[in-house]
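**Q** Got a sequence here, can you model it:
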Amino acid sequence: MTNRRELGAYGEKLAADFLKRRNCRILATNFRSGKNEIDIIIETDREIAFIEVKTRSSSFYGLPEYAVDRQKLRSVIDCARDWMSSNNYRGLWRIDTISVEINRTKATAYIKWFKNSGEKF
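**A** Okay, the predicted model is just below:
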């Protein structure tokens, strides 16, 4: 990976594969509404989850999940509301975060899924 955009896209692909292995149905990826974006939208048995994926290849700037701040969650929530409105969805929903840490030397990735991460704000 040569730049941040490629690293982010790779992390989102790994996250989508991770979710599929857990029997989640992916409804959309990279859904945009205005200047806001949701990386992955999934359907589980009971609800819809709007997922922000953060990928890092180094811990120099901290763990990926700590990069999701109040402002980012606000933009994900706004975008989620737009998606629900345009899809006439009135059921249960939540905001999740998936953290992807890539170890380039070992060619491995460590993935963590934080459900209901929007509740902290």
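**Q** low-scoring pLDDT stretches of this structure, where are they?
**A** 1-2, 60, 105-106, 120-121 (pLDDT under 70).
**Q** Please, which helix or strand holds the residue positioned nearest the centre of it?
**A** For the chain, the residue nearest the mean C-alpha position is Glu52 (2.4 Å; Cα atoms, centre = their mean). Taking DSSP states H and E as the definition, Glu52 sits inside strand 48-56.
**Q** helices or strands up against the following helix or strand past that strand?
**A** Going down the chain from strand 48-56, the next helix or strand is helix 70-86, by DSSP H and E. Where contact means 3 or more Cβ pairs under 8 Å, 6 or more residues apart in numbering; DSSP states H and E, helix 70-86 is packed against strand 25-33, strand 36-43, strand 48-56, strand 93-103. Heads up, the C-betas are built off the backbone N, CA and C, glycines and all.
**Q** Show me what the last one is packed up against.
**A** In terms of contacts (3+ Cβ pairs under 8 Å, 6+ apart), strand 93-103 is packed against helix 4-21, strand 48-56, helix 70-86, strand 108-114.
**Q** quick one on the thing from earlier: next one: the residue nearest to the centre of the chain from Gly91, what distance?
**A** With distances taken as Cβ to Cβ, to the nearest Å, Glu52 is found 20 Å from Gly91.
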